[in-house]
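Student: Pasting a predicted model and its sequence here:
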Amino acid sequence: MINPGRPRNQSRSTRSMPFSGLEYADPKKKGNLIGKILLAAALTALCIIMLKQSPSFNTTNFSKHEEGVTHVLVTGGAGYIGSHAALRLLKDKYRVTIVDNLSRGNLGAVKVLQELFPEPGRLQFIYADLGDAKAVNKIFSENAFDAVIHFAAVAYVGESTLDPLKYYHNITSNTLVVLESMAAKGVKTLIYSSTCATYGEPEKMPITEETPQAPINPYGKAKKMAEDIILDFSKNSEMGVMILRYFNVIGSDPEGRLGEAPRPELRDHGRISGACFDAARGIITGLKVKGTDYSTADGTCVRDYIDVNDLVDAHVKALERAKPSKVGIYNVGTGKGRSVKEFVEACKKATAADIKVDFEPRRPGDYAEVYSDPTKIRRELNWTAKHTDLQESLEIAWRWQKAHRDGYGST
Ligand SMILES: NC(=O)c1ccc[n+]([C@@H]2O[C@H](COP(=O)([O-])OP(=O)(O)OC[C@H]3O[C@@H](n4cnc5c(N)ncnc54)[C@H](O)[C@@H]3O)[C@@H](O)[C@H]2O)c1
């Protein structure tokens, strides 16, 4: 910042000349000199004060490892799950760098986090696309990460069948880019966001981590390929890897600071909670429940809904317990299946809206029941889902939705 303005190739003897020259200065110039020294001192002090007040003053915090501080790169941290994870990490005193291309996430979520944690060296946001290997390498060169939680992805099953290449590129190929940068810079811990979609249609429920993976759509296949790349790499590396396979994620921050706000154009591919809230608000006329003749208790499909706060807790536990050269693979679900009918009833109560529900024939490709066996994560990471009241999770999410009719745009 303070540049003496001296040419680099100046010799030592030349550099010392002005000082020796001063000894012989004439007394009339002395007052001048003292004035100059005072002015220089005042300017230096001013520069330091200005620097200290500048938000970028402590960017060195991000570029250097610091004893006792874990610096986590959260890819996709402007998205639904990533922003909730960043909030929890910041609360737990981690240093966080969010990298996101905002293709699906919200800058508004990042702003909320920045307002909550404005102190230097806590949170920085970098706008970048993980498909841009040069940009990613630069980010890894300029920042001293201790760990990476890789959330960034496109994540809609329906969209993946319409545009599979987008999914293989964004999920599989971008994971390779992140992994290569991590390997090049010796970042030792990776927590990877995977999904129960990698299991496909298992014959036996509940799904354990040993259940064979046989994904049936490009989204699940792209995630499985990314997992395979990570696992192959980890065989000859010291990296500590945790792969978390989530089930259906719902809910939001109980203090109402963050929520789920996908782009309106993604509504068609959307998730059941988004559809329920849209129906409660009258954005869509009602809900269509596809299939009432499955071999389940009430005939509708059964899924495992995991609250985002529990999910984030699983990430923190995984981060704390990741060990060099070790791989952990965990299902993150409640272990309890809930039917679509149950979900819709809980949503009606949570929103107090009289949601119109039409029951229609089955949709091809839907399977009757999907729920996890969370024994392994309970045993090894001491994690269990705590927010298992569907209505309560939906009430919290609905509060945020009601207060943010245009998502983060209206805050
Ligand atoms: N939401 C669920 O129910 C669910 C279930 C299982 C797994 N997952 C996984 O969890 C992760 C997060 O999902 P989410 O629901 O928060 O989705 P989201 O769309 O809200 O968040 C994804 C974020 O990644 C960013 N992103 C996407 N491509 C990027 C790129 N090339 N470069 C930089 N940033 C990019 C988006 O802008 C967005 O902010 C995903 O990996 C998803 O596959 C989600």
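Tutor: Structure's in. What do you need?
Student: what separates the residue most central in space within the chain from T384, distance-wise?
Tutor: The centroid of the chain falls nearest to G82 when counting by C-alpha atoms, centre = their mean (2.4 Å). Here the criterion is C-beta to C-beta, to the nearest Å. By it, G82 lies 23 Å from T384. For the C-beta atoms, the positions are set from N, CA and C on the backbone; glycine is no exception.
Student: Check A275 too.
Tutor: For A275, the distance to T384 (C-beta to C-beta) stands at 28 Å.
Student: Give me the more crowded residue out of the two.
Tutor: With neighbours defined as other C-beta atoms under 10 Å, A275 and T384 compare such that A275 has more, 20 against 14.
Student: Look up the closest residue to the more buried one, ignoring the ones flanking it.
Tutor: Closest residue to A275 apart from its sequence neighbours, by C-beta to C-beta, 6 or more residues apart in numbering: L287 at 6.1 Å.
Student: How about the contacts made by the one you found?
Tutor: A275, C276, A279, V344, I355, K356, V357, D358 (C-beta atoms under 8 Å, 6 or more residues apart in numbering).
Student: The residues you listed: which two are farthest apart?
Tutor: Farthest pair in the contacts of L287 (C-beta to C-beta) is C276 and D358. Separation: 13.8 Å.
Student: Those two - which one has more neighbours?
Tutor: C276 (27 against 10).
Student: which element follows the helix or strand containing that one toward the C-terminus?
Tutor: In this assignment (DSSP states H and E), C276 forms part of helix 272-281. For helix 272-281, the following helix or strand on the C-terminal side (DSSP H and E) is strand 287-290.
Student: and T208, how many neighbours?
Tutor: So T208, with other C-beta under 10 Å, has 15 neighbours.
Student: what about the stretch 301-411 of the chain, any weak spots by pLDDT?
Tutor: For the stretch 301-411 of the chain, applying pLDDT under 70 flags the ranges 410-411.
Student: go on, the chain?
Tutor: 1-60, 410-411.
Student: ok, now with 90
Tutor: 1-61, 201, 263-271, 363-367, 405, 409-411 (pLDDT under 90).
Student: interface residues of it facing the ligand?
Tutor: 76, 78-82, 100-105, 129-131, 151-155, 170, 174, 193, 195, 246, 248-249 (C-beta under 6 Å from any ligand atom).
Student: how would you label whichever residue of the stretch 101-250 of the chain sits closest to the ligand: helix, strand or coil?
Tutor: Evaluated by C-beta to the nearest ligand atom, the stretch 101-250 of the chain has G105 as its residue closest to the ligand, separated by 2.1 Å. When classified by DSSP: H, G, I helix; E, B strand; the rest coil, G105 comes out as coil.
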